[in-house]
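Chemist: sequence-free structure coming up:
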């Protein structure tokens, strides 16, 4: 792990750690919690062949949709892309491979990797066709679907408030997948609007303990303005 | 579920819901987070044949140890009872059936029930004898131990601060198993030192959302004094 | 012909009891938000991690981090809590949400629901619908009785891929309120001015109608 | 004859690097708390749900809700966080703890550890030891080289039930510091005043000793 005092870095240096072909988790449900500044830097640096794991595909022209539109994403693991007609088109045209899970199952698959397990057994979707073959295991006279944990090489997360060690606090509904992804990826790059000295945050209010964060980048609030417009419909 | 406005009740009425023979989860790691007032009322009311699930057995003369000493506990599912020579004696004499799990596995079994799954697959303890037969399942060329979820009829939890709807905030290290047990039991009885009106707690600082709490009891801080002495060694 | 959404909303609002925890699906159900009086002390759950959301008043400052699962800006009511997606769905799977309202493409006589996929035409993903449908104690469907071509949506058996089997408790359309019972679909209310014959004609499913007990709305 | 705990503690403290996340087991390892300087900015993890604990000063007010996994009252240092038991062990199982220190009944040549159970005599439970031993990146054992009867605790093979197999990185006793290597136990340091022959005589395990490289402590 990165030493506590060495986590704060630049957006360029943090994103330069990501190679083409990497598997990336990206926080956010719609715009809140989406690490827009990290994603824009990833767009600028040019990595491609990416596998992205995100609840949704953002909306056209912002966030991960920019990467999809630029042809840099080969595979998307998600729950719902209904607010992004561009992503749906890319999927229908066969240019983007999309893997879809029920939202809570996607969250649990990620959390399961974060907890260090192989997988879990669920009854969600057992009698419906969710489009994915799943191994079923009989326990106590019933069948259960095995959902393997979902990990990633990197997680890109967004926090409203943090300290220099990488303790994160999410604002409003911006938590969503962020704390789960921070546990599940080998290397976690967090962006934060506000970075305080250690000791500034009340310990019981920390959502993601700094142990899970590898690198921290301070970004201006203006970096999320695209997302704000997108939801102000 | 209990309606939001009807959760606040008396310790007598809340504990009277528990029948003899019930399976109870009890929060707390040592004294912090142990619902002493609820346990003392359970002792007074006389329910027996109880199965208790708690990280530890508290210390002699306090908390669940009082119930064990009074012969009211037939089975204890736990992680470590090393600080309670009475419980160890009861176990060695065969008067108390004790089931022991690695601490993090116990936590995850409870959390797994709270998340509504059947179980999870882990590699913890695979090559050691943890005294319990476990089903092993092969995935991707390796064996994993299946740990079924652990639920309960009731959970007794302790919070430092709450609102009348049952939103809970834990103080210091008093969270421990409490938020997990609040998710995993069919009926959750919470005790709190301080009960505020809805709106008094900041929504991002709530640890256990009120949806998981069935009944709430306000208890005086003096009810935990036994526990304070126990740790002041 | 646009269907009568107001009739559906007003009727659906009567399904909510004071002090309940309620989830509102995307589309028509999300408008129910405006039909819940503050004094009812209802907490609205959204999959993206909030219990106790309420709509922003037009003159209220927007917190851009506060949206519901449909993407609308919201704020909190007293007693609200905010949490991550795993906690949000634990709440759903553990049955801690009292009632959920959803739209539908098709519903049938045994309470099967199809509302997420039209093969070859529409497949944006599952979102939270599958877990809500499978696990919430009471699922109330709010939809037009017929599609825009006039075809029935209340069917003998669903033809589209299911969201969840045998999950629906009650169906509220612009033409009728129907309960899923072991005997089949039982009509509770008929829309004002509609005859039993007109209702049967607009419906593929068999309907159990006891004219002496049917109400109107 | 009481063994030299101070020697073990002082030597073990040198294993901790600035900015690390460290877990201290019950007993002797927990005393390491007092050997970590504030300027090292080390965060101490305890299984019961804290990252960034530190001992209470004698004149400090006690928060009765703040204990470490051994039950001692503690407080927080800057950068601390508090969380539940599932988060605490996720941190352990995901390898987010850099180093953990533990006591031992027995350790052996391949790094097996036995420290939780003596069948028929002592079985208070597993606690967090199994997951810490199996998952923390670096496990340093702190124990007396011999038991109170003088029997060796550093064995060819453990005889007691294992906490975890092949988990130990380094062993620090009152007589030597040993690393577990693919070739076996390699002596790093010998306690001041002790000869190689005396060390071998007090040890059941084979020891690899390069006299020209061995240090003292």
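Modeler: Yep, that arrived. Treat the numbers as computed from the prediction; the structure is a model and nothing was measured.

Chemist: tell me the helices in chain C, going along the chain?
Modeler: Assigned by DSSP state H, chain C shows helices spanning C:5-13, C:85-93, C:129-135, C:196-201.

Chemist: In a markdown table: the ones you listed, plus distance to residue B:220, mean pLDDT and mean neighbour count.
Modeler: C-beta here means a position set from N, CA and C on the backbone, and glycine is covered the same way. Listed next are the helices of chain C as a markdown table, based on distance: least, CB to CB, whole Å; pLDDT from 0 to 100; neighbours: other CB atoms under 10 Å in any protein chain shown:
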| stretch | distance to residue B:220 | mean pLDDT | mean neighbour count |
| --- | --- | --- | --- |
| helix C:5-13 | 42 | 96 | 18 |
| helix C:85-93 | 30 | 98 | 27 |
| helix C:129-135 | 38 | 97 | 26 |
| helix C:196-201 | 61 | 97 | 13 |
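
Chemist: Tell me which of those sits nearest to residue B:99.
Modeler: Closest to residue B:99 of the helices of chain C is helix C:85-93 (CB to CB; 24.4 Å).

Chemist: Can you name every helix or strand that that closest one contacts?
Modeler: Judged by 3 or more CB pairs under 8 Å, 6 or more residues apart in numbering or on different chains; DSSP states H and E, the packing partners of helix C:85-93 are helix A:103-114, strand C:43-46, helix C:129-135.

Chemist: contacts for that helix?
Modeler: The contact list for helix C:85-93, computed with CB atoms under 8 Å, 6 or more residues apart in numbering or on different chains, reads A:29, A:55, A:103-104, A:107-108, A:111, A:124, A:175-177, A:180, B:114-117, B:183, B:209, B:211-212, C:23, C:45-51, C:97, C:128, C:131-132, C:135-136.

Chemist: cutoff 6 Å now
Modeler: A:104, A:107, A:111, A:176-177, A:180, B:114-116, B:183, B:211, C:47, C:49, C:131-132, C:135 (CB atoms under 6 Å, 6 or more residues apart in numbering or on different chains).

Chemist: what's around residue 22, how many residues?
Modeler: Unless you meant another one, I'm taking chain A. Residue A:22 has 17 neighbouring residues, counting by other CB atoms under 10 Å in any protein chain shown.

Chemist: wait, chain C
Modeler: 25.

Chemist: returning to that earlier point: want to throw the helices of chain C into TSV with distance to residue C:33?
Modeler: What follows is the helices of chain C, written out as TSV (distance: least, CB to CB, whole Å):
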stretch	distance to residue C:33
helix C:5-13	10
helix C:85-93	18
helix C:129-135	16
helix C:196-201	29
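
Chemist: and of these, who's closest to residue C:189?
Modeler: The closest approach between residue C:189 and any of the helices of chain C, judged by CB to CB, belongs to helix C:5-13 at 7.1 Å.

Chemist: so what does that closest one touch, helix or strand wise?
Modeler: Helix C:5-13 sits against strand C:170-172, with contacts defined as 3 or more CB pairs under 6 Å, 6 or more residues apart in numbering or on different chains; DSSP states H and E.

Chemist: For the spatially most central residue of chain A, give me the pLDDT.
Modeler: Taking CA atoms, centre = their mean, the centroid of chain A lies closest to residue A:26, which sits 2.2 Å from it. Residue A:26 is assigned a pLDDT of 98 by the prediction.

Chemist: go on, residue A:232?
Modeler: At residue A:232, pLDDT is 56.

Chemist: got it, and residue C:119?
Modeler: You'll see residue C:119 listed with a pLDDT of 88.

Chemist: For burial, what's the neighbour tally of it?
Modeler: As a burial measure, residue C:119 scores 9 neighbours (other CB under 10 Å).

Chemist: Spatially nearest residue to it (excluding sequence neighbours)?
Modeler: In space, and not counting its chain neighbours, residue C:119 is closest to residue C:161: 6.8 Å by CB to CB, 6 or more residues apart in numbering or on different chains.

Chemist: Run a quick neighbour tally on that neighbour.
Modeler: That count, for residue C:161 with other CB under 10 Å as the rule, works out to 18.

Chemist: distance of it from chain D?
Modeler: Noted for residue C:161: a distance of 35 Å to chain D, by CB to the nearest CB, to the nearest Å.

Chemist: so residue A:154 makes contact with residue A:24?
Modeler: Yes - assessed by CB atoms under 6 Å, residue A:154 is found in contact with residue A:24 at 4.9 Å.

Chemist: that older thread, for chain D, find the nearest of the helices and strands packed on helix C:85-93.
Modeler: helix A:103-114 (5.7 Å; CB to the nearest CB).

Chemist: Who are the contact partners of the residue nearest to the centre of chain A?
Modeler: For residue A:26, the contact set (CB under 6 Å, 6+ apart) comprises A:52, A:54, A:64, A:156.

Chemist: How about chain A: which residue is closest to chain C?
Modeler: Residue of chain A nearest chain C, by CB to the nearest CB: residue A:104 (2.8 Å).

Chemist: so how far is residue A:99 from the nearest residue to that residue once chain neighbours are set aside?
Modeler: Leaving aside its chain neighbours, residue A:104 sits nearest to residue C:89 (2.8 Å; criterion: CB to CB, 6+ apart). Taking CB to CB, to the nearest Å as the criterion, residue C:89 is separated from residue A:99 by 18 Å.

Chemist: how about the one helix or strand in chain A whose mean pLDDT sits lowest: buried residues?
Modeler: Sorting the helices and strands of chain A by mean pLDDT, DSSP states H and E puts helix A:225-231 at the bottom, at a mean of 81. Across helix A:225-231, burial judged by 16 or more other CB atoms under 10 Å in any protein chain shown covers A:226, A:227, A:228, A:230, A:231.

Chemist: again with stretch A:138-153
Modeler: The neighbour-count check on stretch A:138-153 (16+ other CB under 10 Å) flags A:144, A:145, A:146, A:147, A:148, A:149, A:150, A:151, A:152, A:153 as buried.

Chemist: can you list these in CSV and add distance to residue B:20?
Modeler: Listed next are the buried residues of stretch A:138-153 as CSV, based on distance: CB to CB, whole Å:
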residue, distance to residue B:20
A:144, 32
A:145, 37
A:146, 38
A:147, 38
A:148, 42
A:149, 40
A:150, 44
A:151, 46
A:152, 49
A:153, 53
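
Chemist: what two of those are the furthest from one another?
Modeler: Between any two of the buried residues of stretch A:138-153, the greatest separation by CB to CB is 29.3 Å, found for A:144 and A:153.

Chemist: which ones are touching the residue nearest to residue A:224 when sequence neighbours are not counted?
Modeler: Residue nearest to residue A:224 in three dimensions, not counting chain neighbours: residue A:36, with 5.0 Å by CB to CB, 6+ apart. The neighbours of residue A:36, taking CB under 6 Å, 6+ apart as the test, are A:63, A:223, A:224, A:227.
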